[in-house]
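Asks: sequence first, predicted model second:
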Amino acid sequence: MIRIGIDLGGTKIEIAALDESGRVVVRHRAETPQGSYGDTLRAVAELVDRVETELGCRASVGIGTPGSVSPATGRLRNSNSVLLLADCRT
């Protein structure tokens, strides 16, 4: 079973695929698109597709990003990707 972890930051997106023992088997990095929620989603999806294609299998995916979820709104706060949240509300 392969697991994919994604670090979504304000300047870069890094993706790593781990095998069953936790060893990194694939790693890639891309710039985070600025000012476009859709472009950011596409960049993440393209990275996942690239890794799954390289490995020849589908994988579970987890995403980490700075900030915390507000219990009052369910939205991410104190994130360096604030444009993503602004775009989500419109």
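Replies: Structure received. Residues are numbered from 1 along each chain as shown.
Asks: by mean pLDDT, point me to the weakest helix or strand of the chain.
Replies: The weakest-scoring helix or strand in the chain, judged by mean pLDDT, DSSP states H and E, is helix 82-89 (a mean of 45).
Asks: for the lengthiest helix in the chain, which residues meet the burial criterion?
Replies: When the chain is parsed with DSSP state H, its longest helix is helix 37-55. Neighbour-count burial for helix 37-55, with 16 or more other C-beta atoms under 10 Å as criterion, is recorded at 37, 40, 43, 44, 47, 48, 51, 52. Bear in mind the C-beta positions are built from the backbone N, C-alpha and C, glycine included.
Asks: quick check: closest non-adjacent residue to residue 46.
Replies: Counting by C-beta to C-beta, 6 or more residues apart in numbering, residue 30 is the residue found nearest to residue 46 once chain neighbours are left out, at 7.9 Å.
Asks: partners of whatever helix or strand that neighbour lives in in the sheet?
Replies: In the assignment (DSSP states H and E), residue 30 maps to strand 24-31. Sheet pairing for strand 24-31, assigned by DSSP bridges, gives strand 12-18 (antiparallel).
Asks: can you list contacts of the partner strand?
Replies: 2-7, 24-32, 40, 43-44, 47-48, 51, 55, 59 (C-beta atoms under 8 Å, 6 or more residues apart in numbering).
Asks: low-confidence regions, this protein specifically.
Replies: Residue ranges of the chain with pLDDT under 70: 80-90.
Asks: please identify the residue most distant from the middle of it.
Replies: residue 72 (23.9 Å; C-alpha atoms, centre = their mean).
Asks: now do that residue against residue 47, distance only.
Replies: In this view, residue 72 and residue 47 are 32 Å apart by C-beta to C-beta, to the nearest Å.
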